[in-house]
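Peer 1: quick one, structure for this:
(chains A and B)
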Amino acid sequence: MYFRKGDIFIYLFLTGILWFSISGLHSARNSPSEAIVEIGGKEHYRFNLKKEGQYLLQEFSPPVEVTIKEGEIAITHNDCPQQICMKMGPISKPGQTIVCVPKKILIYIPTHEETTAPINTITG
Amino acid sequence: MKKQQPPSTLLPGKSQEARIAGLVVVGLLLFVFEAYIPRPIPWLKFGLANIATLIALVWLGWRAAILVTFLRIVIGAFFIGTLFSPGFFLSLCGGLVAVGIMSVLYQLRVFSLLSISVTGAVTHNMVQLLVATLWLFHNAILWRLAPYLILTGIITGIAIGIFTIYVLNKLKESHLWEDHSSH
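Peer 2: Alright, predicted model coming up:
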C-alpha cells in the first residue's frame, strides 16, 4: 500500500510542478512602497506603506479594518467566520499577499513588474 | 488502540448504506475537529476528513467515496456556518475533483494508496487555487501561493496517507471487512 511502481510517475510529476511553480516566483528586489487592496478582482485602494494609520473598508458592514504600521499592512478587524486573513498576520515585502476568501479581499504588495505591467491582472 | 478505528464502533448495521453513513460521520467529526483546533499556519489544513474518503474508496468503492466526500462537505459546512459561502464552493470543487482523480488512480491499480493520498491533497489545494483565481479574485498574483500549496499538499498527503493505511490495515483485521468490497 505504501509503494507501487506507478508512484514514481506521480512523484516525478509533483516534483516537476513544484519546481515549475517555484521558478515562477521572480525574486523581488524593489523596496516595498505600496499595498494594493482588491475586492472581487477590482482594485479599490492603494495604500502608501509609509503612511501609518487605520483604514476602514466601508464596502463591508461592519467595515473591515486595515492597519498600516512600521511599513507593514494587516487586516486587523473582520467578522468573517474563520478569520484566516487576520491570523495570516502583517505583510511587508513585495510579492506577499493577504487573502480573505469569504469577502473576496486580496491585499498584495506588488513587485516592480507588477506595479508597472497590468498584464498580470486577469480582468474577469 | 481501539480508538483509532472509528468505523467499527460507528457502524451499527452491515449494509453499504450504514457504512457510508458511518464514514460520513467519521469525516464530519474530523472536519469539525480540524476547523476548531488552532493551526500553526492559519491557512494550512491537514485534510483529516480525507481519511474517511480514502477508507471509503478502498473499502466501499469509488461511488461511495464520492458520496462520502459530497455529504461531508455539505453537512460540515452547515455545521461550521459556511454553507453556500465562497469558501464552501472552493471546498466542494477541491473535494470533488480530488476524489474523482483519486478514484481514477485507484482504479488503474498501479499506484499505492500513499501516492494517491498525496495526489488528492495536492489536487484539492490546486483546484481551490484555480477556482479562487478565476471566480473570486480574478488576479493571477494568487498563483504566488502555488508553491506553498503544492508543498503543504505533499506533506499533509503523506501524513494522511500513512495514517489511513494504518487504519485500513486494522479495519481489514476486523469483522467489518467482508469480501463484498470488490477489492
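
Peer 1: taking chain A, what residue is nearest to chain B?
Peer 2: Closest to chain B within chain A is A:Gly41: 2.9 Å, counting by CB to the nearest CB. Glycine gets a C-beta too; all of them are placed from N, C-alpha and C.

Peer 1: contact partners for the closest residue to B:Phe111 other than its chain neighbours?
Peer 2: Once flanking residues are discounted, B:Phe111 sits nearest to A:Gly6: 4.4 Å by CB to CB, 6 or more residues apart in numbering or on different chains. Contacts for A:Gly6 (CB atoms under 8 Å, 6 or more residues apart in numbering or on different chains) come out as B:Leu108, B:Val110, B:Phe111, B:Ser112, B:Ser115.

Peer 1: give me the distance between A:Gly6 and B:Ser115.
Peer 2: 7 Å (CB to CB, to the nearest Å).

Peer 1: from what I see, B:Phe70 and B:Leu96 are in contact.
Peer 2: Yes - if you go by CB atoms under 8 Å, B:Phe70 and B:Leu96 touch, sitting 6.7 Å apart.

Peer 1: for chain A, which segments count as strands?
Peer 2: For chain A, applying DSSP state E gives strands covering A:34-39, A:42-48, A:53-57, A:64-69, A:72-77, A:97-100, A:105-108.

Peer 1: where does chain B dip in pLDDT?
Peer 2: Scanning chain B for pLDDT under 70 picks out B:1-14, B:179-183.

Peer 1: find the centremost residue of it, please.
Peer 2: B:Asn50 (1.9 Å; CA atoms, centre = their mean).

Peer 1: same thing with chain A?
Peer 2: Centroid check for chain A by CA atoms, centre = their mean gives A:Thr97 as the closest residue, at 1.7 Å.

Peer 1: give the contact list for it.
Peer 2: A:Ile91, A:Leu106, A:Ile107, A:Tyr108, B:Ile141, B:Leu142, B:Arg144, B:Leu145.

Peer 1: would you turn these into a markdown table with distance to B:Ala64 and neighbour count?
Peer 2: Below are the contacts of A:Thr97 laid out as a markdown table (distance: CB to CB, whole Å; neighbours: other CB atoms under 10 Å in any protein chain shown):
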| residue | distance to B:Ala64 | neighbour count |
| --- | --- | --- |
| A:Ile91 | 43 | 20 |
| A:Leu106 | 38 | 26 |
| A:Ile107 | 42 | 24 |
| A:Tyr108 | 41 | 23 |
| B:Ile141 | 39 | 20 |
| B:Leu142 | 34 | 20 |
| B:Arg144 | 37 | 18 |
| B:Leu145 | 32 | 17 |
